[in-house]
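Participant: Sequence and predicted structure are below.
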Amino acid sequence: MTKTQIRLGHSPDSDDAFMFWGLASGTVESDYEFEHILRDIQTLNEWALEGRLESTAISVHTFAHVADKYALLRHGGSFGEDYGPMIIARESLTMEQLRNTVIAVPGKLTSAYLQLNIFLPEAKVAVVPFDEIMPAVKSGQYEAGLIIHEGQLTWEREGLVQIADFGKWWKEKTGLPLPLGVNVVRRDLGEEAVKELSRVMRESIKAGLQNRETALQYALQFARGKDVETSDEFVGMYVNERTLDMGDEGIEAIKLLLKMGADAGIVPPVEVQVVD
């Protein structure tokens with residue numbers, strides 16, 4: 001009997017790879033067959049607007065635009081616990097200077113971009129692939145950049161200066177973890193399919209956490225040349241117990257971020273409902 005194929009989108013990053021090791025390795029079994037589609041988060045966000053993939057990782061920002069198409073899962077979320085996307089530059093900038101500076105950003109559908117616009121309304125930006133932002137700032141092409149992924153751990157060794165850490169800013173402002181990414185399943189697959197896909201993804205995350213060393217070795221192939229220590233730290237930051245279950249605090253944080261975005265006219269108002 002031929003299995004139904006599910007296209008599962010996630011970014012080619014060590015944390016996402018760690019999460020999906022259980023499925024990719026066959027440790028977690030399912031009646032579905034999975035095709036792992038690896039793309040950068042901005043591309044996955046754009047595809048989600050079309051409803052292209054059955055299940056995908058997306059930015060919390062993008063969820064506000066696709067809540068009619070996709071169900072939000074309780075697990076698979078990435079949250080910054082007093083850390084998160086950062087604005088970096090070659091030299092210190094005042095807030096006034098930052099307002100008049102073009103900031104390289106990794107995409108206008110990313111959660112980092114939404115947070116930038118709440119932190120610095122009407123920021124001047126240029127969209128640059130996330131892995132080219134630090135080199136572009138170092139070379140002087142841009143005065144400042146908004147960095148995500150492993151750049152949050154490596155900016156200092158690149159000789160750059162931190163202007164703002166959104167994780168710290170958000171924690172001070174709200175007392176909550178900073179919502180970044182979520183996993184979603186397309187609603188038109190039906191309730192039973194959504195439940196089953198939710199189950200296997202939760203089991204995949206659990207399998208990675210329970211087999212950390214093996215899952216990490218798998219994830220290292222997506223570490224973009226970063227050393228084991230940096231990759232291990234990065235995975236620990238974004239795949240943990242809150243990834244297994246975002247909890248009431250995580251749901252509250254998502255609702256608050258999207259409400260602030262809607263109040264600022266950046267995203268449409270959305271009712272956040274989470275599938276268990």
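Facilitator: Nice, I can see it.

Participant: give me the low-pLDDT residue ranges for this protein?
Facilitator: Scanning the chain for pLDDT under 70 picks out the ranges 1-2, 150-153, 156, 223-227.

Participant: make it 80
Facilitator: Within the chain, the segments meeting pLDDT under 80 span 1-3, 12-13, 149-159, 220-238, 276.

Participant: Spell out which residues make up each domain of it.
Facilitator: 4-79+179-275, 86-174 (automatic domain parsing).

Participant: now the shortest one: how far from the chain's centre is it?
Facilitator: The gap between the average C-alpha position of domain 86-174 and the chain average comes to 16 Å, counting by CA atoms, centre = their mean, to the nearest Å.

Participant: Ends of that domain, what's the gap?
Facilitator: Using CA to CA, to the nearest Å, one end of domain 86-174 lies 18 Å from the other.

Participant: Same question for stretch 77-95.
Facilitator: Terminal-residue distance, stretch 77-95 (CA to CA): 31 Å.

Participant: about what we covered before: and the domains of the chain as a markdown table, adding mean neighbour count?
Facilitator: Bear in mind the C-beta positions are built from the backbone N, C-alpha and C, glycine included. Shown next, in a markdown table, are those (neighbours: other CB atoms under 10 Å):
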| stretch | mean neighbour count |
| --- | --- |
| domain 4-79+179-275 | 19 |
| domain 86-174 | 19 |
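
Participant: show me what contacts the closest residue to W21 other than its chain neighbours?
Facilitator: With sequence-adjacent residues excluded and distances taken as CB to CB, 6 or more residues apart in numbering, W21 is closest to A215, at 4.0 Å. When contacts are counted by CB atoms under 8 Å, 6 or more residues apart in numbering, A215 touches 18, 21-22, 207-209.

Participant: separation between A215 and T43?
Facilitator: 24 Å (CB to CB, to the nearest Å).

Participant: now do H36
Facilitator: Distance from H36 to T43, by CB to CB: 14 Å.

Participant: Torsion angles phi and psi at the residue nearest to W21?
Facilitator: phi -60, psi -40 (degrees, to the nearest 10).

Participant: how near is it to M237?
Facilitator: Between A215 and M237 the computed distance is 15 Å (CB to CB).

Participant: Please apply the same query to L209.
Facilitator: Applying CB to CB to L209 and M237 gives a distance of 14 Å.

Participant: try N211
Facilitator: Distance from N211 to M237, by CB to CB: 19 Å.

Participant: same deal with L38?
Facilitator: Counting by CB to CB, the gap from L38 to M237 is 20 Å.

Participant: How about A253?
Facilitator: On the measure of CB to CB, A253 and M237 end up 16 Å apart.

Participant: How is L8 assigned, secondary-structure-wise?
Facilitator: Here L8 is recorded as strand under DSSP: H, G, I helix; E, B strand; the rest coil.

Participant: what residues are up against it?
Facilitator: 20, 23, 34-37, 53-56.

Participant: List the ones among those that fall in strands.
Facilitator: 34-37, 55-56 (DSSP state E).

Participant: Find the helix or strand that V184 is a member of.
Facilitator: strand 178-186 (DSSP states H and E).

Participant: Direction-wise, compare the next helix-or-strand element following that strand with strand 178-186 and give the angle.
Facilitator: Sequence-wise, the next helix or strand downstream of strand 178-186 (DSSP H and E) is helix 191-210. Orientation of helix 191-210 against strand 178-186 (axes from the mean of the first three to the mean of the last three CA atoms, to 10 degrees) gives an angle of 140 degrees.
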